[in-house]
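# here are the coordinates; sequence isn't available:
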């Protein structure tokens, strides 16, 4: 099946969804394009499950304020029809006296609705939650 590039109405008019996501991930968690998401977007990852762009915005704000030196490296992004698949690595320094550097690699599955907005955002981690916590003790100082 051939890839279809979705466009949506966003900052300054019609935007290419793939390019907008690339830009968001490059500056994550700052200045995200919440207008790419449906108001009732479904979000799920190993720690959270909820609906609503306002809750999604609050989660990103928490990441921005609770952690240090947050970085999201987008490795791949591919769109086929209404599905977008991404692989990434999220890293940060934990707000502890020794500021351990921590990282999670994983993938995201997005579903785009008929209006060109992200209706579902599901993240899968390549490690367990316990393995993430263990990084607090195994990480060298960041």
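Thanks, I have it. In this text, all values refer to a predicted model and were calculated from it rather than measured experimentally.

# contacts, neighbours, all on C-alpha from now
Will do.

# Please state the offset of the longest helix anywhere in the chain from the chain centre?
Counting by DSSP state H, the longest helix found in the chain is helix 53-66. Computed by C-alpha atoms, centre = their mean, to the nearest Å, the chain-centroid distance of helix 53-66 equals 11 Å.

# just the helices in the chain please.
Remark: helices assigned in the chain by DSSP H are 17-27, 53-66, 129-138.

# Dump these into TSV; add mean pLDDT as well.
Formatted as TSV, the helices of the chain follow (pLDDT from 0 to 100):
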stretch	mean pLDDT
helix 17-27	96
helix 53-66	97
helix 129-138	92
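
# From residue 136, how far off is the residue of the chain positioned farthest from its centre?
Distance from the C-alpha centroid of the chain peaks at residue 97, with 26.7 Å (C-alpha atoms, centre = their mean). Distance of residue 97 to residue 136, computed by C-alpha to C-alpha, to the nearest Å: 11 Å.

# try residue 81
Residue 81 sits 40 Å away from residue 136, going by C-alpha to C-alpha.
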